[in-house]
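S.K.: let me see the structure of the following:
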Amino acid sequence: MRFMRDGGERGSEVFTISGRLHAASNQTFLCTDALDQPFVYKPVKGEQDLWDFPPRTLSGREIAAAEIDRVLGWKVVPNTRWISDGPLGAGMIQEWVPEVDQDRPVNVFPPSDVPPGWIVVLHAQDAQGVPLVLAHADTHQLQRMALFDAVINNGDRKAGHILATPEGRVYGIDHGVSFHVDNKLRTVLWGWIGQPVSDVLLKDLNHLEQQLNDQYEPVDQWLNTDESAALRARIRDLSERRVFPSPSPEWPAIPWPVF
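M.R.: Now for the predicted structure:
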């Protein structure tokens, strides 16, 4: 399966599994197509059951998240598609994003080394008791990602799930733990708590709400009825409050591990 630049697909092709990404909690494979273009493949049968999510639904939630991003037009998520006839069965495939590690927009620093303009979101200590802080850049790309995570109720926005590319773009990956009916937002992007959401982003949210309406099959087919209703309620709440959300007092605010 080869991705086109516009996010579409080009036919159905045999692809090769190059290796497994062992750091992932679910089975995740690096694959290549006939032109040696890399992409990620997550088969449904490779998902581990979670206590708080219905089984075998994580890959579908990644598709729903990608569709939400497509409607918003924010390009937070790499090109993502469903495949029904993969070598290990049905699942999601996603464009591989080359990362520039030294340009990552979220990182850990000694307190005196935080880059100018960055926002500190967490104070901590290492194993030897040395003070450290978790901070992220203050950019429009990360603001969009933070608001996107609030919309989909992302429970796992680790720093390692934010990729900076050689072209200067920033992408978010791993959205399977999303769309829960309860507030499970866990993220490293807490730098704008309570700050106003810009009119531009509010306009995009309004467009998303209108597109979803009461039923929107490209998203709703991957969620149950309660999850679909909760998604729309979150969008309405964000549009009415017009500020970035705060952490839930009933749920850890930062995912672990952070990277």
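
S.K.: where does the stretch 101-250 of the chain have low pLDDT?
M.R.: Of all residues in the stretch 101-250 of the chain, none has pLDDT under 70.

S.K.: ranges for the helices of it?
M.R.: 140-152, 199-212, 217-220, 225-241 (DSSP state H, counting those that start in this stretch).

S.K.: what about residue 237, how many residues nearby?
M.R.: Close neighbours of residue 237, defined as other CB atoms under 10 Å, add up to 11. C-beta coordinates here come from the backbone N, C-alpha and C atoms, glycine included.

S.K.: and what of residue 232?
M.R.: Residue 232 has 16 neighbouring residues, counting by other CB under 10 Å.

S.K.: which one of the helices of the stretch 101-250 of the chain is the most hemmed in?
M.R.: Sort these by mean neighbour count, taking mean count of other CB atoms under 10 Å, and helix 140-152 sits at the top with a mean of 22.

S.K.: quick check, residue 67 in contact with residue 220.
M.R.: No - with contact defined as CB atoms under 8 Å, residue 67 does not reach residue 220; the gap is 9.9 Å.

S.K.: next, format the helices of the stretch 101-250 of the chain as CSV and append distance to residue 178.
M.R.: Output for the helices of the stretch 101-250 of the chain, formatted as CSV (distance: least, CB to CB, whole Å):
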stretch, distance to residue 178
helix 140-152, 4
helix 199-212, 15
helix 217-220, 11
helix 225-241, 9
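
S.K.: out of those, which gets nearest to residue 63?
M.R.: helix 217-220 (8.3 Å; CB to CB).

S.K.: relative to the whole chain's centre, how far out is that closest one?
M.R.: 18 Å (CA atoms, centre = their mean, to the nearest Å).

S.K.: got the CA coordinates for that helix in PDB?
M.R.: Extracted in PDB, the C-alpha atoms of helix 217-220 (Å, rounded to 0.1, in the frame of the first residue of the first chain):
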ATOM      1  CA  GLU A 217     -19.900   7.400   9.500                       C
ATOM      2  CA  PRO A 218     -16.100   7.900   8.800                       C
ATOM      3  CA  VAL A 219     -15.700   8.500  12.500                       C
ATOM      4  CA  ASP A 220     -18.700   6.900  14.200                       C
END
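
S.K.: what comes into contact with it?
M.R.: With contact meaning CB atoms under 8 Å, 6 or more residues apart in numbering, helix 217-220 is reached by 64, 67-68, 212, 228, 231.

S.K.: now stretch 20-35
M.R.: So stretch 20-35 is in contact with 1-2, 13-19, 38-43, 45-48, 58, 88, 93, 96, 174, 176, going by CB under 8 Å, 6+ apart.

S.K.: just stretch 37-53 next, same as before
M.R.: 1-3, 15, 17-18, 21, 25-33, 55-60, 62, 83, 86, 88-96, 173, 176-177, 180, 182, 184.

S.K.: and what of stretch 104-118?
M.R.: Residues contacting stretch 104-118 (CB under 8 Å, 6+ apart): 120, 123-124, 130-139, 141-142, 159, 162-164, 170, 188-189, 258.

S.K.: kindly recompute the last result at 6 Å.
M.R.: 131-138, 142, 159, 162, 164, 170, 188 (CB atoms under 6 Å, 6 or more residues apart in numbering).

S.K.: quick check: the farthest pair among these?
M.R.: Farthest pair in those, by CB to CB: 131 and 170, 27.3 Å.

S.K.: so for the two, which sits in the more crowded spot?
M.R.: residue 170 (22 against 11).

S.K.: so the more buried one makes contact with residue 143?
M.R.: No - applying CB atoms under 6 Å as the test, residue 170 and residue 143 come out as separate, 10.7 Å apart.

S.K.: can you tell me which of the contacts of stretch 20-35 are in helices?
M.R.: Using DSSP state H, the subset of these located in helices is residue 58.

S.K.: residues contacting residue 157?
M.R.: So residue 157 contacts 149, 187 (CB under 6 Å, 6+ apart).

S.K.: what's opposite it in the beta bridge?
M.R.: residue 187 (DSSP bridges).

S.K.: same check, this time on residue 81
M.R.: Residue 81 has the following beta-bridge partners by DSSP bridges: residue 93.
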